[in-house]
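J.: Just the structure for this:
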Amino acid sequence: MKYLRRLRPRAVCSASAVFTGLLTLIFLTLPALANAADSAETALGQALVANKWSWAKGDGKGSVWRTTLTFHQDGTITNPTDHHTWFWWVIDEKTAHIQFHPEPGSPSTPNLQAGMNLVFTDDLKNYRGIYIPDPKSPIASGQRKGPTGEVIPAERVRLARADAAAVAPGSAPGAPNATPSPDHTFVEILSEQAPNSLEWALAPLDRTTPRDVRQNLTYLREDLLDEAAKKPAAGADAYKLGQQLCDDLIATLDERDKALVRAGYTSAQAQANIVVTSQALEARRNYMMSWPQYKREQAQRREIQKEQDAHAALTKERPVVEWANRGAQIRTMVDSLYAQYREAVRRSAAPK
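T.: Predicted coordinates:
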């Protein structure tokens with residue numbers, strides 16, 4: 001017992017020393033781990049700003065929206081097909097959060113319950129975009145396209161954590177940024193986006209197109225004219241053909257809207273014209289009908305219903321087929337105009 005009593009204080013001292021050592025190790029290690037995590041997160045933010053990124057998002061019905069995203073140091077994202085400003089934050093070393101206009105939030109306030117998360121591969125060269133409210137919605141995907149020449153300081157990378165409320169110096173909350181980056185002219189933007197816009201303009205009538213396609217084409221046409229007047233990047237012929245190309249795409253969207261109205265009216269009229277009766281059926285109907293006669297009449301009415309439904313379905317499809325045929329004609333004309341436009345741009349860029 002004396003031996004045990006003599007050992008006990010030493011054991012207590014030894015345990016206390018070990019506990020103190022563990023606490024010291026934890027306090028020394030935590031800042032290093034936090035710094036490592038912050039370094040990985042800022043690396044993603046620096047990669048976003050330093051590169052342009054392709055963007056492809058389907059609508060679930062066969063059409064794909066393609067564009068190029070540019071991540072700016074002030075926490076905004078611009079792309080040549082949407083004049084609204086998007087916003088971005090870094091969540092962790094492989095995930096960025098983006099919010100679209102007009103979802104809730106501002107440049108200084110991320111809303112992680114709305115928008116989309118971009119999940120990157122380990123090498124930060126490719127990503128998948130997953131919608132927050134509905135992960136089953138069509139996803140987006142993209143990859144690096146090329147350097148922007150911009151370098152963002154680590155302290156300006158906005159993190160979607162407690163410090164996300166700090167507005168980066170020089171940022172203007174809510175201010176749209178619709179200007180192209182220094183290495184992109186509006187001539188180049190039209191060259192890249194005209195085929196994509198044509199696909200939306202000629203989309204089948206049962207598919208929904210983005211609301212702002214027409215508005216963005218109008219903006220792009222006016223931006224082209226401004227660029228031609230102030231600082232042309234191509235010859236006058238290229239700008240003239242570019243303006244005509246925008247006009248034709250806008251006119252195609254207007255024609256599609258009219259086709260949609262016709263299709264809606266035709267569908268409603270076809271449905272209203274369904275009448276499940278005939279003169280012969282009504283002539284035979286009387287209060288002395290037997291049960292077999294009644295059953296025979298019901299069978300005949302069902303046959304009439306099937307015929308009427310089939311006829312109505314054909315009538316409803318007529319505007320769809322007409323638009324498809326008209327779309328083929330428009331595609332030929334616009335493709336030819338686009339080829340002329342690109343040739344004029346190439347002539348302007350050729351050395352003299």
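
J.: For this protein, just list every one of the helices.
T.: In chain order, the chain shows helices spanning 2-50, 186-201, 213-230, 236-272, 279-284, 291-349, with DSSP state H as the criterion.

J.: Tabulate the ones you listed in CSV, adding columns for mean pLDDT, mean neighbour count and distance to D82.
T.: To be clear about C-beta, it is placed using only N, CA and C from the backbone, and glycine gets the same treatment. Putting the helices of the chain into CSV (pLDDT from 0 to 100; neighbours: other Cβ atoms under 10 Å; distance: least, Cβ to Cβ, whole Å) gives the following:
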stretch, mean pLDDT, mean neighbour count, distance to D82
helix 2-50, 57, 12, 18
helix 186-201, 88, 20, 10
helix 213-230, 90, 18, 6
helix 236-272, 88, 17, 16
helix 279-284, 63, 10, 58
helix 291-349, 84, 14, 21
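
J.: will you turn those into TSV that also has distance to T109?
T.: As requested, the helices of the chain are arranged in TSV below (distance: least, Cβ to Cβ, whole Å):
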stretch	distance to T109
helix 2-50	18
helix 186-201	30
helix 213-230	27
helix 236-272	35
helix 279-284	68
helix 291-349	42
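
J.: Of all these, which one is nearest E155?
T.: Proximity to E155, assessed across these by Cβ to Cβ, is greatest for helix 2-50 (8.3 Å).

J.: List the residues that contact P110.
T.: F87, W89, H97, Q99, A160, A164 (Cβ atoms under 8 Å, 6 or more residues apart in numbering).

J.: Top of those by number of neighbours, please.
T.: When those are compared by neighbour count (other Cβ atoms under 10 Å), F87 ends up highest, at 27 neighbours.

J.: nearest spatial neighbour of that one, skipping sequence neighbours?
T.: Nearest non-adjacent residue to F87, counting by Cβ to Cβ, 6 or more residues apart in numbering: Q99, 4.9 Å away.

J.: got a list of what the nearest residue to G327 once chain neighbours are set aside touches?
T.: For G327, the nearest residue in space outside its immediate sequence neighbours is L202; the separation is 4.3 Å by Cβ to Cβ, 6+ apart. Neighbouring residues of L202 by Cβ under 8 Å, 6+ apart: T252, R256, G327, I330, R331.
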